[in-house]
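A.B. asks: pasted the sequence and its predicted model underneath.
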Amino acid sequence: MTHSRSALRNLIVRVLQAGIAMVTSVVVTRMLGAEGRGALALLLVAPLLGARMLSFGVESALVVFAGKTGRRELIGHAGAVVALSGSVGMAAILGLQALGGLPGRELATFAVRALATLALPLHLIAFAANGLLRGAGRFEEYDRGLLVGPAVQLPLALLLLLGLGLGVAGGLGASVGAIGVTAGFLLVRVWLKIPDARPSLPKVSAPMLRFGLKEHAGNLAQYLNLRLDLLLVGIFLGPKETGLYAVAVSLAEVVWFIPDALGTVLLPRIARTGADTARAAAAGACRIALTISSAAALAIVLFGGTLLVVLYGHEFAGAWTPLAWLMPGVVLLSVSKVLSKHLSGTGHPGLSARASLISLIATLILDLALIPTFGLAGAALATTIAYGVHAALCTAGFRFLTGAPLAELAVPSGKDIRRVTTLIRDVFNDLPGAARGSETAKG
């Protein structure tokens, strides 16, 4: 399969993934209400952050070292990271909850909190399996894995919430169950699709650990920028406000999901069209991302209040204020997502990592200053400012390296519209139904 078709397939999968996840979010939120939705988010956020923090760049290391070292060493390193980080992370989260250092002790019984911590090692298994599959060039298996979790979580949520009425515990069971099935699916695909992928004694590889740690700092900082505010809202404001904020964040992420996915596909496509490949690709994708995200953000500001009530109910009308404050930030984040890909892809990952670390510091300082005083609006404003800092630093790095004027990054052209039109046509042509229709027409 060509790189272009592989990228288009990934885009289709990600759109399906986002659609199923949105339906699941609506079902779970409708059943739990604001306080229950917030409790669920707080129970899950610490294990996910813990998995990100303790992964030590295992996925990136396995991808890069796949062609440089033996399969048993790769699997041994993956097993060591999962075993050590998973056990330490679970113990740390339960310990902090027992001491009152994390939200969760008052939200659910010990058994439910223990169930939530299982998400941490399961996430680590999924990270490692994804690294092995991508390193072996099994991108189609990686794409399938993206759909497994959402496809499992929705029916599980319907069973546990609607069928059995288990409340927050049911929502948690659906989430952890989906993560577990995803991890199991990926392990089976590793076993079946990668030659000699057999169990090996866990053993940390020093070269892979060093490489992973280099990538880890920037990736972790970028992820914390996306999720730290949710945890701090829970600590300062409680589960009900966290539920409102979680819903606002889930809708806000739709704005940057589309340009991020388009940017992932457009960068390699545009890069083949001329001599100044890297600059032209990044600038073109940036213009398209900025245009699409700005239009989507404006629509959400205008109709977001109605959309929240229609999807989630009147209890979530209060989520519109933080949603509106998040919009400028997610528009700027769409720019960052394109330019950070350019910086890393052209051999300057340090610039992207420093931008992420500086914006993370801004997030932490602003959240601590604004959330206690201004509540959800303060959390959203802090996030928007931090995203703006990240976008400004990525833009400055790009302009320093390429000499591109701001207009080249911000002002769309007719050629950009034609590129998006071509991409959309290719996506629809690549859908299975379209392919079958084409074959039928030829017949």
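C.D. replies: Okay, I see it.

A.B. asks: which SSE is the closest residue to P405 other than its chain neighbours in?
C.D. replies: Spatial nearest neighbour of P405, chain neighbours left out: R399 (7.7 Å); criterion: CB to CB, 6 or more residues apart in numbering. Every C-beta, even on glycine, is put in place using the N, C-alpha and C of the backbone. Assessed by DSSP states H and E, R399 sits inside helix 349-402.

A.B. asks: cool, L107 as well?
C.D. replies: Counting by DSSP H and E, there is no helix or strand that carries L107.

A.B. asks: per-residue pLDDT of the residue nearest the centre of the chain, please?
C.D. replies: By CA atoms, centre = their mean, the chain has its centre lying nearest to Y223, at 7.7 Å. Looking at Y223, its pLDDT stands at 81.

A.B. asks: counting by contacts, list what the helix holding R399 packs against.
C.D. replies: helix 206-237, helix 239-271, helix 277-312, helix 320-345, helix 406-410 (3 or more CB pairs under 8 Å, 6 or more residues apart in numbering; DSSP states H and E).

A.B. asks: residue contacts, the nearest residue to L364 once chain neighbours are set aside?
C.D. replies: Leaving out its chain neighbours, the residue that sits closest to L364 by CB to CB, 6+ apart is L228, at 6.8 Å. Contacts of L228 were listed using CB atoms under 8 Å, 6 or more residues apart in numbering, and they are 49, 360, 363-364, 367.

A.B. asks: of these - the most surrounded one?
C.D. replies: Of the contacts of L228, T363 is surrounded by the most neighbours, 25 neighbours in total, counting by other CB atoms under 10 Å.

A.B. asks: please report the distance of that one from Q222.
C.D. replies: Separation of T363 from Q222 (CB to CB, to the nearest Å): 11 Å.

A.B. asks: for L370, same thing?
C.D. replies: Distance of L370 to Q222, given as CB to CB: 21 Å.

A.B. asks: surely V26 touches Y312?
C.D. replies: Yes: under the criterion of CB atoms under 8 Å, V26 makes contact with Y312 at 6.5 Å.

A.B. asks: neighbour count for these two, which is higher?
C.D. replies: Neighbours per residue, other CB under 10 Å: of V26 and Y312, the larger number sits with Y312, 23 against 16.

A.B. asks: pretty sure that one contacts T29?
C.D. replies: Yes: using CB under 8 Å, Y312 is in contact with T29, at 5.2 Å.

A.B. asks: need the overlap of contacts for those two.
C.D. replies: V247.

A.B. asks: thinking again about what came up before, the residue nearest to P405: how many residues sit nearby?
C.D. replies: 15.

A.B. asks: next secondary structure element downstream of the helix or strand containing V27?
C.D. replies: Assigned by DSSP H and E, V27 belongs to helix 3-54. Using DSSP H and E, the helix or strand that follows helix 3-54 in sequence is helix 58-65.

A.B. asks: between that following helix and helix 206-237, how many degrees?
C.D. replies: Using axes from the mean of the first three to the mean of the last three CA atoms, to 10 degrees, the inter-axis angle of helix 58-65 relative to helix 206-237 is 160 degrees.

A.B. asks: M208: how many residues sit nearby?
C.D. replies: By other CB under 10 Å, the residues close to M208 number 27.

A.B. asks: on the pLDDT front, check the closest residue to it other than its chain neighbours for me.
C.D. replies: Sequence neighbours aside, A61 is the residue nearest to M208 in space, at 4.1 Å (criterion: CB to CB, 6+ apart). We have a pLDDT of 89 for A61.

A.B. asks: wait, doesn't A61 sit right on A128?
C.D. replies: No: at 9.7 Å, A61 does not count as touching A128 under the criterion of CB under 8 Å.

A.B. asks: report the contact partners of the closest residue in space to L244 that isn't next to it in sequence.
C.D. replies: Once flanking residues are discounted, L244 sits nearest to A319: 4.4 Å by CB to CB, 6+ apart. With contact set as CB under 8 Å, 6+ apart, A319 has these partners: 244-245, 247-248, 251, 308, 312, 376.

A.B. asks: next one: A319 from V309, what distance?
C.D. replies: Relative to V309, A319 is positioned 10 Å away (CB to CB).

A.B. asks: equivalent analysis for R210, please.
C.D. replies: For R210, the distance to V309 (CB to CB) stands at 51 Å.

A.B. asks: comparing those two, which residue is more hemmed in?
C.D. replies: V309 (15 against 12).

A.B. asks: do you know how far that one is from V247?
C.D. replies: Distance check for V309 against V247: by CB to CB, it reads 11 Å.

A.B. asks: joint contacts of those two?
C.D. replies: Counting by CB under 8 Å, 6+ apart, the contacts common to V309 and V247 are F316.

A.B. asks: what about the protein, any weak spots by pLDDT?
C.D. replies: By pLDDT under 70, the weakly predicted segments of the chain are 1-8, 258-276, 344-347, 419-420, 423-443.

A.B. asks: domain assignment for it?
C.D. replies: 1-204, 218-429 (automatic domain parsing).

A.B. asks: which ones are touching L187?
C.D. replies: 125, 129.

A.B. asks: buried stuff in the helix or strand harbouring it?
C.D. replies: For L187, the host element (DSSP H and E) is helix 167-193. Residues 167-183, 185-187, 189-190 are the ones in helix 167-193 that count as buried (16 or more other CB atoms under 10 Å).

A.B. asks: can you get me a residue count around the nearest residue in space to V64 that is not next to it in sequence?
C.D. replies: Distances taken as CB to CB, 6+ apart place F211 nearest to V64, at 6.2 Å, with adjacent residues excluded. Burial of F211 is recorded as 18 neighbouring residues (other CB under 10 Å).

A.B. asks: now swap in S25 and tell me
C.D. replies: By the measure other CB under 10 Å, the count of residues near S25 is 20.

A.B. asks: could you do A91 as well?
C.D. replies: 11.

A.B. asks: next one: S293
C.D. replies: Here the number of neighbours of S293 (other CB under 10 Å) works out to 26.

A.B. asks: measure it to V411 for me?
C.D. replies: In this structure, S293 lies at 15 Å from V411, with CB to CB as the measure.

A.B. asks: just give me the neighbour total for I194.
C.D. replies: 21.

A.B. asks: again with T69
C.D. replies: T69: 15 surrounding residues under other CB under 10 Å.

A.B. asks: so it, which of the three states?
C.D. replies: At T69 the chain is in coil, as set by DSSP: H, G, I helix; E, B strand; the rest coil.

A.B. asks: was I right to think it contacts S205?
C.D. replies: Yes: with contact defined as CB under 8 Å, T69 counts as touching S205 (7.3 Å).

A.B. asks: give me the buried stretch members for stretch 307-325, please.
C.D. replies: Across stretch 307-325, burial judged by 16+ other CB under 10 Å covers 307-308, 311-312, 315-316, 318-325.

A.B. asks: and those residues, which is closest to A21?
C.D. replies: Of all the buried residues of stretch 307-325, A21 sits closest to L311, with 13.1 Å by CB to CB.
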